[in-house]
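1. I would like to see how this sequence folds:
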Amino acid sequence: METNILREMTDMGQKILKSYDTLKEIDTVDIASTPKTEVYKEDKLTLYRYNRDTDATYKTPVLIVYALVNTYKMLDLQPDRSYIKNLLNAGMDVYLIDWGYPTASDRFVSMEDYVTGYINNCVDHVRKKHRLEKINILSICQGGTLSVIYASLYPNKVKNLVTHVTPVDFSTNDGLLFRWSRDMDFDKLVEANHGLIPGEFLNQGFDMLKPMMKVQKQQALASSLEDRERLMNFLRMERWISESPDQTGECFRQFMKDLYQKNKLAKNELEIGGKKINLKNLTCPLLNIFATEDHLVPPAATKPLNDLVGSTDKELYSFKGGHIGVFVGSRSQKELAPAVAQWLKKRDN
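-> Coordinates of the predicted model:
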């Protein structure tokens with residue numbers, strides 16, 4: 001018995017020493033390292049175009065619209081786990097909207113500003129640059145919801161729309177976030193935070209949806225300290241989470257009240273800039289991707305989009321995994337990114 005305890009203590013001591021050596025070797029934790037160039041800027045927003053060594057083989061460029069929550073950097077976490085790099089390697093000309101970091105001066109920026117202002121201006125910039133009437137939009141989560149609204153308002157500017165884990169029907173009871181949101185007073189929440197919802201506050205809320213995931217993550221850290229590659233994977237994800245921007249109060253208020261609480265988008269009752277959003281006006285080819293194990297945006301919130309839009313060319317894609325795994329998992333690199341590239345290639349005429 002004493003021999004076993006002594007052996008375990010010795011092993012633990014060796015692991016601690018090795019962990020210390022591993023940590024000493026880490027100078028920086030880099031993410032989003034794929035080279036890109038700023039091509040347009042407006043307020044806090046920056047539009048990037050990713051650099052290519054060769055000419056694109058796709059005729060139509062793609063604009064990535066990420067969520068306002070967290071940052072786009074999850075799509076480019078590291079060279080061998082980069083959704084963006086996969087799109088580039090497939091031959092696409094890739095643009096991306098970086099929403100930046102809202103401050104108190106942005107508290108009144110609304111959904112209308114994001115959709116008919118920022119997104120529309122970025123789309124027009126790409127259209128003008130490439131002398132095209134329509135471009136492709138590839139959208140993520142909340143950015144997908146905004147893009148669905150955009151494509152309904154401006155069907156003449158969107159050639160193909162790809163949505164990833166995008167909530168559209170908020171009537172589902174499958175996710176805790178959807179049930180919790182129905183009883184929250186978002187007006188008071190915005191006022192209490194002086195018109196700016198802290199990113200850290202939202203991250204804490206996401207952690208509460210699956211508290212054991214936080215415990216499992218800490219356990220994973222303890223077991224990966226002596227393995228540099230596993231530790232770097234952990235640190236990259238932590239850096240991405242730590243950089244979560246705040247949310248403009250007005251947009252957050254409208255998104256949560258009109259969509260989460262009243263489900264106005266699915267009912268064709270949402271108003272943007274005085275115009276009712278009718279999803280039947282979204283007529284471009286649609287690839288709607290959902291994750292089977294998604295606890296943030298359950299499939300029941302995503303799948304109804306295909307029945308609500310006016311598109312005749314539309315496809316549902318089921319990805320076996322969770323909300324983040326859609327983009328950073330090894331299966332995503334081998335399966336999903338190539339599938340999206342192939343789907344767009346078939347419609348690149």
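
2. could you list the buried residues of stretch 312-320?
-> 314, 317, 319 (16 or more other Cβ atoms under 10 Å). Glycine gets a C-beta too; all of them are placed from N, C-alpha and C.

3. which residues are in contact with the closest residue in space to the first one that isn't next to it in sequence?
-> Ranked by Cβ to Cβ, 6 or more residues apart in numbering and with sequence neighbours excluded, the top spatial neighbour of residue 314 is residue 286, at 4.3 Å. With contacts defined as Cβ atoms under 8 Å, 6 or more residues apart in numbering, residue 286 is in contact with 160, 161, 162, 163, 305, 306, 309, 311, 313, 314, 315.

4. narrow those to those that are buried.
-> Here, 16+ other Cβ under 10 Å leaves 160, 161, 162, 163, 305, 306, 309, 311, 314 buried among the contacts of residue 286.

5. so the third one makes contact with residue 139?
-> Yes: under the contact definition of Cβ atoms under 8 Å, residue 162 touches residue 139, with a separation of 6.8 Å.

6. got any residues that touch both of these two?
-> Contacts common to residue 162 and residue 139, judged by Cβ under 8 Å, 6+ apart, are absent.

7. hey, where'd the helices end up in the stretch 51-200 of the chain?
-> 83-89, 111-112, 120-130, 141-153, 176-181, 186-192, 199-209 (DSSP state H, counting those that start in this stretch).

8. lowest-confidence stretch among the ones you listed?
-> Note on the helices of the stretch 51-200 of the chain: lowest mean pLDDT is at helix 199-209, with a mean of 69.

9. which strand residues bridge the residue nearest the centre of the chain?
-> Residue closest to the mean C-alpha point of the chain, counted by Cα atoms, centre = their mean, is residue 140 at 4.0 Å. Residue 140 forms beta bridges with residue 164, as assigned by DSSP bridges.

10. hang on, the earlier thing: distance to residue 257 and pLDDT added to the contacts of residue 286, as a markdown table?
-> Formatted as a markdown table, the contacts of residue 286 follow (distance: Cβ to Cβ, whole Å; pLDDT from 0 to 100):
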| residue | distance to residue 257 | pLDDT |
| --- | --- | --- |
| 160 | 31 | 98 |
| 161 | 25 | 98 |
| 162 | 28 | 98 |
| 163 | 22 | 98 |
| 305 | 21 | 98 |
| 306 | 26 | 98 |
| 309 | 23 | 98 |
| 311 | 28 | 98 |
| 313 | 33 | 98 |
| 314 | 29 | 98 |
| 315 | 32 | 98 |
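
11. quick one: which of the residues you listed sit in strands?
-> Under the assignment DSSP state E, those contribute 160, 161, 162, 163, 314, 315 to strands.

12. next one, pLDDT for the closest residue to residue 258 other than its chain neighbours please.
-> Nearest non-adjacent residue to residue 258, counting by Cβ to Cβ, 6+ apart: residue 264, 4.6 Å away. Note for residue 264: predicted pLDDT of 97.

13. ok, now how distant is residue 264 from residue 79?
-> 41 Å (Cβ to Cβ, to the nearest Å).

14. who's more crowded, those two?
-> residue 264 (18 against 10; other Cβ atoms under 10 Å).

15. what about the stretch 1-150 of the chain, any weak spots by pLDDT?
-> Applying pLDDT under 70 to the stretch 1-150 of the chain flags residues 1-27.

16. how close does the residue nearest to residue 314 sit to residue 151?
-> Noted for residue 286: a distance of 8 Å to residue 151, by Cβ to Cβ.

17. give the bridge partners for the residue nearest to residue 314, please.
-> Beta-bridge partners, per DSSP bridges, of residue 286: residue 161, residue 314.

18. ok, which stretches of the stretch 201-349 of the chain are helices?
-> 211-224, 228-242, 249-254, 299-302, 305-308, 325-328, 330-331, 337-346.

19. and the residue nearest to the centre of the chain, what does it touch?
-> 64, 65, 66, 67, 72, 75, 164, 165, 166, 327.

20. how about the contacts made by the first one?
-> Neighbouring residues of residue 64 by Cβ under 8 Å, 6+ apart: 72, 75, 84, 94, 95, 96, 97, 138, 139, 140.

21. ditto for the third one
-> Residue 66 makes contact with 72, 75, 96, 97, 98, 99, 139, 140, 141, 143, according to Cβ under 8 Å, 6+ apart.

22. now the two most distant members of these.
-> 98 and 141 (15.5 Å; Cβ to Cβ).

23. more neighbours: these two, which one.
-> residue 141 (24 against 20).

24. how close does the more buried one get to residue 315?
-> For residue 141 relative to residue 315 (Cβ to Cβ), the value is 19 Å.

25. try residue 172
-> When residue 172 is compared with residue 315 (using Cβ to Cβ), they lie 21 Å apart.

26. about what we covered before: can you list residues touching both of residue 286 and residue 151?
-> residue 161.

27. hang on, the earlier thing: which one of the contacts of residue 286 is nearest residue 109?
-> Closest approach between the contacts of residue 286 and residue 109, by Cβ to Cβ: residue 163, at 22.8 Å.
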